[in-house]
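In: model this:
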Amino acid sequence: MKCVSLIYNPKSGDKSFPGHLDSFITKFQRKGYIVDIYRSMEAGDLGKNLRDLNQEKYKMIIVAGGDGSVNELVNVMINNDINKPLGIIPAGTANDFASQLKMPANIEQAIDKILLNNKKKIDIGRVNQKYFVNVCVGGALANISYTTDNDIKNMIGKLAYYLKGIKEIPKFKPMHLQITTSKQTIDDNFLMFIILNSKGAGGFKNIARNAVVNDELFDFIGIKSNSILKFPATLARFFQGEQSNDENITYFQDNYFLIEHLDQQEQQLFCDIDGEKGPSFPLEISLLPQALTVFTNQF
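Out: The predicted structure is shown next:
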């Protein structure tokens, strides 16, 4: 008996995935699978049915949702030692990680690609006691993802993030950070930083052009606070992956970061992980090499 656990968020993205349920079941049953379905009812419950999962019975886990849904599910899987391949159907507002795996945006095509059974092991990030698959953000843009209206994101896509960032510029405050890695220590003022496991985030697919999801390295990109007036131009280069062309951008690769906020009297700061609110500073970020198996359309 082959079983697959399908977990979906009916409120993700344009809320269209429930209309594909019968097609999903039909396609998997034709391949000899029994489909077990769990529908999210409230925030934080996506992994509820996985905690007592019979791992001998289930061959794979599939999530239909956005980056936040993937993040929530991966945290449950790792914390409960669930070692099963994860399929991602990009049904959310932001589907950055599914895009990096070359999964089609079309839901029916994504289902078909999962059934091809093409898998690869990928790295996972850990920040304090939380895990992330794609990105950890701190500073000026850390709350952009979950404070940008979903309807606007659905209408204009990645431009929504850029416009939101420009709008928030008057509120930006530099952070005096000490960043300790496995190779160096950096003490500087930053407006923001982003640590990427893949090439893209926020709908922008090539922010970190050298990133690979299983190379056992993160890509760190930090925007320094040398000139707030130059920030819009720097932000544009950042989103376009042109870090080397801007003196206000710090870029390097590493697999460990300890990021401490040295302004003790400032309000408590939080990071963003995969589009969701993450832990507060200080942040200890490490890499778990090839810790998760995913279905991919990459060859």
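
In: only C-alpha atoms for contact and neighbour calcs from this point on.
Out: OK.

In: domain parsing of this protein, as residue ranges.
Out: For the chain, automatic domain parsing gives the domain ranges 2-117, 130-289.

In: could you dump those to TSV with distance to Asn297?
Out: Shown next, in TSV, are those (distance: least, Cα to Cα, whole Å):
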stretch	distance to Asn297
domain 2-117	5
domain 130-289	13
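
In: doesn't Asn117 belong to a strand?
Out: No - if the criterion is DSSP: H, G, I helix; E, B strand; the rest coil, then Asn117 is coil and not within a strand.

In: and the domains of the chain: which comes nearest Phe295?
Out: Closest to Phe295 of these is domain 2-117 (Cα to Cα; 5.1 Å).

In: quick one: mean pLDDT over the closest one.
Out: For domain 2-117, mean pLDDT rounds to 91.

In: likewise for stretch 205-221?
Out: Mean pLDDT, computed over stretch 205-221, is 91.

In: where in the stretch 101-250 of the chain is pLDDT low?
Out: 141, 143-171, 227-229 (pLDDT under 70).

In: what about the helices in this structure?
Out: Counting by DSSP state H, the chain has these helices, from start to end: 21-30, 67-79, 96-100, 107-115, 144-147, 150-156, 159-167, 231-239.

In: if I pick the closest residue to Val70 other than its chain neighbours, what's in contact with it?
Out: Nearest residue to Val70 in three dimensions, chain neighbours excluded: Val63, at 6.8 Å (Cα to Cα, 6 or more residues apart in numbering). Applying Cα atoms under 8 Å, 6 or more residues apart in numbering to Val63 gives the contacts Leu6, Ile7, Tyr8, Ser69, Val70, Leu73, Leu86, Gly87, Ile88, Ile89.

In: try His261
Out: Going by Cα under 8 Å, 6+ apart, the list of residues near His261 reads Met175, His176, Leu177, Gln178, Phe281, Pro282.

In: count of neighbours near the third one?
Out: Other residues near Leu177 come to 19 when the count uses other Cα atoms under 10 Å.

In: quick one: it and Val294, what's the gap?
Out: Relative to Val294, Leu177 is positioned 34 Å away (Cα to Cα, to the nearest Å).

In: who touches the residue lying farthest from the centre of the chain in this structure?
Out: Distance from the C-alpha centroid of the chain peaks at Met1, with 32.9 Å (Cα atoms, centre = their mean). Going by Cα under 8 Å, 6+ apart, Met1 touches Tyr33, Ile34, Lys57.

In: could you find the closest non-adjacent residue to the second one?
Out: Read it as Ile34. Distance criterion Cα to Cα, 6+ apart; nearest residue to Ile34, sequence neighbours excluded, is Cys3 at 4.6 Å.

In: that neighbour and Ile37 touch, don't they?
Out: No - using Cα atoms under 8 Å, Cys3 makes no contact with Ile37, being 10.5 Å away.

In: of these two, which one has the most company?
Out: Higher neighbour count among Cys3 and Ile37: Cys3, with 19 against 15, using other Cα under 10 Å.

In: hmm, back to that, of the domains of the chain, which is nearest Asp123?
Out: Closest to Asp123 of the domains of the chain, according to Cα to Cα: domain 130-289, at 4.5 Å.
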